[in-house]
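S.K.: Let's see this in three dimensions:
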Amino acid sequence: MRYKAIGQKIFARIDRGEEIISSLCRICEEAGVSLAEVRAIGAVGSFTVGVFSPRTKTYKANSFKGDFEIVGLSGTVTQKDGEPYLHLHAAFAGADGAVFGGHLNEAVVSATCEAVLDLSPGSIGRAFSDEVGLNLFDI
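M.R.: Numbers count the residues shown, from 1 in each chain. Okay, the predicted model is just below:
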């Protein structure tokens with residue numbers, strides 16, 4: 001993984017075999033990022049995404065292995081308990097064009113991943129909502 005800050009953005013290259021979320025967390029820790037928007041493209045060999053049920057307040061996880069393109073990955077970086085908190089959603093396309101996606105739990109890069117963090121001044125925390133069952137923006 002390599003990254004470079006230019007103005008209010010960080011451009012990152014996440015390399016083959018590296019996990020996307022842990023790599024982005026490490027960048028945020030090293031660069032002192034407390035608030036940002038994330039976008040990425042690339043290719044992965046495995047990933048797990050989830051779909052949240054507001055009724056049961058649980059995620060159903062779906063895991064995939066194979067050759068997949070990241071057709072869209074977006075989300076936010078905020079803070080929870082003084083640590084970077086990433087909330088990411090992603091869509092991945094297989095060789096047949098079928099797309100799978102949801103809340104990103106894990107993704108391992110197979111070729112490369114190009115991510116951009118669009119930094120904002122300040123910070124926003126997270127607070128758990130008993131009503132919803134998720135860590136929401138603490139605004």
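
S.K.: Count the residues that sit near A127.
M.R.: Close neighbours of A127, defined as other C-beta atoms under 10 Å, add up to 11. C-beta: built from backbone N, CA, C; applies to glycine.

S.K.: Check what pLDDT the residue positioned nearest the centre of the chain gets.
M.R.: With distances taken as C-alpha atoms, centre = their mean, the chain has L88 as the residue nearest its mean C-alpha position (3.5 Å). Here the pLDDT value assigned to L88 is 98.

S.K.: what does N135 give?
M.R.: At N135, pLDDT is 97.

S.K.: Beta-bridge partners for it, please?
M.R.: F128 (DSSP bridges).

S.K.: shouldn't it be in contact with D81?
M.R.: No: contact criterion C-beta atoms under 8 Å: N135 and D81 do not qualify, at 10.1 Å.

S.K.: The two: which is more packed in?
M.R.: When N135 and D81 are compared for neighbours, N135 comes out ahead with 15 against 7, by other C-beta under 10 Å.
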